[in-house]
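> Got a predicted structure plus its sequence, pasted below:
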Amino acid sequence: MSHLTTSIIREEHAALSAMLRSILLLLAQHRRQGSLPDFAVLRAMLFYVDEFPEKRHHRKESELLFPKLRARTPLSRELLDRLDEDHGRGERKIRDIEHALLAFEMMGESRRASFEEAIGRYVGFYLTHMELEEREILPLAERVLTESDWAELDDAFRANRDPLVGHPPEAEYRALFTRIVNLVPAPFGLGVAR
């Protein structure tokens, strides 16, 4: 049986994966063309990663889902510790990426390779992290959590309202999401604003 929380986590992972892969595709396209990327678009995309997955999605996993799993089973404790550590380092990692992007924008071509390598490592880190959660942690949660656990988790995760999974953006984020979905080319998977 699948619960709302696991569906929301998978949807948010898919949105984040699309965003991260789009960044890599955009960079590859500009490298092939010998042009500089639209730095404002890249900043907006990285801001999304910082605002939603880092501050909302991860916080709920680490503060709600993972403690419930630890309370219900001794299985996967090392993996949960690793994922919590990933969450803890995530905000620092995104700051490093944002700094590398700023260096590329301010210093030009001499910083392109450094930024592209840094974002490539970050995307690889993040995709591996999400894959572990989906392959190991979500199935474990489905097996061991109680209906009471799920009710609390469902209420918390339902409040996430990530616009990239189809929810209307909160008023303060409306311009950001309109900008992202309208400026990122459709073949990169982010569509158009509604």
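Now that the structure is in, tell me what you want to look at.

> Not counting its neighbours along the chain, what's nearest H129?
Nearest residue to H129, sequence neighbours excluded (C-beta to C-beta, 6 or more residues apart in numbering): D86, at 5.0 Å. (Glycine included, C-beta is placed from N, CA and C.)

> Against D154, how distant is the one you found?
According to C-beta to C-beta, to the nearest Å, D86 stands 24 Å off from D154.

> So the two - more neighbours on which side?
With neighbours defined as other C-beta atoms under 10 Å, D86 and D154 compare such that D86 has more, 20 against 16.

> Can you show me the CA trace of the helix or strand bottoming out on mean pLDDT in the chain as CSV?
Using mean pLDDT, DSSP states H and E, the weakest-scoring helix or strand in the chain turns out to be helix 174-183, at a mean of 73. Written as CSV, here are the backbone C-alpha positions of helix 174-183 (Å, rounded to 0.1, in the frame of the first residue of the first chain):
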residue,chain,number,x,y,z
ARG,A,174,4.8,33.1,-8.0
ALA,A,175,7.2,35.4,-9.9
LEU,A,176,10.2,33.0,-9.4
PHE,A,177,8.3,30.0,-10.7
THR,A,178,6.8,31.8,-13.6
ARG,A,179,10.3,33.0,-14.5
ILE,A,180,11.8,29.5,-14.3
VAL,A,181,9.1,27.7,-16.3
ASN,A,182,8.9,30.4,-18.9
LEU,A,183,12.7,30.9,-19.4
